[in-house]
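# Here's a sequence, model it:
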Amino acid sequence: MVAADVTPHAFLQLVADPQRWQLLQELARSDRRVHELTAALGKPQNLVSYHLRELRAAGLVTARQSSADGRDTYYQADVRRWRQLLGEVGAALHPAVQLAELPTSTSTSTCGRPRVLFLCTGNSARSQMAEALLRRRSNHTMDARSAGSAPKPLHPNAIRVMAEREIDISSHVSKHLRRFARTRFDHVITLCDKVREICPEFPGPPVTAHWSMADPALSGDTDVATYPAFLRTADELERRIGLLLTEFADQTEEDITHVRRHRQRPLPRR
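Okay, here's the model as predicted:
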């Protein structure tokens, strides 16, 4: 679906609807399926689907077929599009109303090294790339880890696209998610639709989110054929991690204190 041109006034009218505003808030936190959005809004599916169509037509929301169930669809927030349109609204009101540029990297040292776990099936590409990118983008002030439900060797294209970003992951090894079963994390992010369906509960509990991303290794039969998909995956991860970093940077001291107290609670004996 090609996004239509949206005037600043039309954009404000579009997001002023309380149900559309709530949909955008839900999708800003995590990719969602229709039945999850209907449950969150407490509205019938036909009404939620109508609002999603309107948001998609404006380019505020995108959709992709689930790799776990081809009959299902995940909806995603296009936050860059939101930012563009908000900037146009400000400029239309007055030239002085400008959005500041997003930082290229964010230090989160005040949060006591927040811990983030990325999960996919093989821990061979998406989650490994996300782990490496978050460490780099946070200037190593965030403790990023990754794992998979069925680990397999690191994909050569994952190593290649990270090397092109001057990040060396050639020594990384794949890990099973059971390895972190009793580890406390601030965020657990699933990158694979299949892993989301079987993701266990982690102690804490952490904030959870789902980034529905296709496995780039399945986009072709050879490493040469799949390389463009790995590039697109790395680009998407860069965008999403940039947004994640702004969330951590916006944490209040009260949020940080709550997280620290939560970590100090002893784990129950099994």
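# ok, residues contacting stretch 33-45?
19, 22-23, 26-27, 32, 48-49, 52, 66, 72-75 (Cβ atoms under 8 Å, 6 or more residues apart in numbering). To be clear about C-beta, it is placed using only N, CA and C from the backbone, and glycine gets the same treatment.
# for stretch 192-207, same thing?
66-69, 74, 117, 119-121, 126, 148-149, 177, 180-188, 190, 208, 210, 212-213, 215, 262-263, 267.
# can you check stretch 167-175 too?
Counting by Cβ under 8 Å, 6+ apart, 122-124, 128-129, 131-133, 136, 146-148, 151-154, 158-159, 162-163 sit against stretch 167-175.
# Could you rerun that using 7 Å?
122-124, 128, 132, 136, 147-148, 151-154, 158-159, 162 (Cβ atoms under 7 Å, 6 or more residues apart in numbering).
# May I have the distance across it, first residue to last?
Distance across stretch 167-175, first residue to last, is 19 Å (Cα to Cα, to the nearest Å).
# Distance from the chain centre to it, please.
21 Å (Cα atoms, centre = their mean, to the nearest Å).
# residues of that stretch that come out buried?
For stretch 167-175, a neighbour-count test (16 or more other Cβ atoms under 10 Å) marks Ile169, His172, Ser174, Lys175 as buried.
# of all the contacts of stretch 33-45, which two lie farthest apart?
Gln19 and Ser66 (23.5 Å; Cβ to Cβ).
# can you tell me which helix in the chain is longest?
helix 223-249 (DSSP state H).
# counting contacts, what elements does that helix pack onto?
Applying 3 or more Cβ pairs under 7 Å, 6 or more residues apart in numbering; DSSP states H and E, one finds that helix 223-249 contacts helix 126-137, helix 156-163.
# Make a markdown table from those helices and add distance to Val6, mean pLDDT and mean neighbour count to it.
What follows is the helices and strands packed on helix 223-249, written out as a markdown table (distance: least, Cβ to Cβ, whole Å; pLDDT from 0 to 100; neighbours: other Cβ atoms under 10 Å):
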| stretch | distance to Val6 | mean pLDDT | mean neighbour count |
| --- | --- | --- | --- |
| helix 126-137 | 30 | 97 | 25 |
| helix 156-163 | 33 | 97 | 20 |
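# Now distance to Pro203 too, for the ones you listed, in JSON lines please.
Listed next are the helices and strands packed on helix 223-249 as JSON lines, based on distance: least, Cβ to Cβ, whole Å:
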{"stretch": "helix 126-137", "distance to Pro203": "20"}
{"stretch": "helix 156-163", "distance to Pro203": "29"}
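# Quick check: which ranges of this structure have low pLDDT?
1-4, 101-112, 250-270 (pLDDT under 70).
# What ranges does it have for its strands?
Secondary structure of the chain (DSSP state E): strands at 61-65, 73-77, 115-120, 143-148, 187-190, 207-210.
# Taking their axis directions, the second one and strand 61-65 sit at what angle?
So the one you mean is strand 73-77. Interaxial angle, strand 73-77 versus strand 61-65 (axes from the mean of the first three to the mean of the last three Cα atoms, to 10 degrees): 150 degrees.
# got the contact list for Val6?
Ala58, Leu85.
# Make residue 1 into 8 and carry on from there
Sure thing, new numbering starts at 8, so read that last one as Val13.
# separation between it and Glu138?
Distance of Val13 to Glu138, given as Cβ to Cβ, to the nearest Å: 36 Å.
# And for Ser56?
To Glu138, Ser56 is 35 Å away according to Cβ to Cβ.
# Glu245: neighbour count?
When neighbours are counted by other Cβ atoms under 10 Å, Glu245 registers 16.
# again, but for Val55
Val55 - counted by other Cβ under 10 Å - has 23 other residues nearby.
# ok, it - contacts?
With Cβ under 7 Å, 6+ apart, Val55 has these contacts: Val41, Leu44, Thr45, Leu48.
# Quick one, which of those are buried?
Buried, going by 16+ other Cβ under 10 Å: Val41, Leu44, Thr45, Leu48, out of the contacts of Val55.
# can you tell me which of those are in helices?
Val41, Leu44, Thr45, Leu48.
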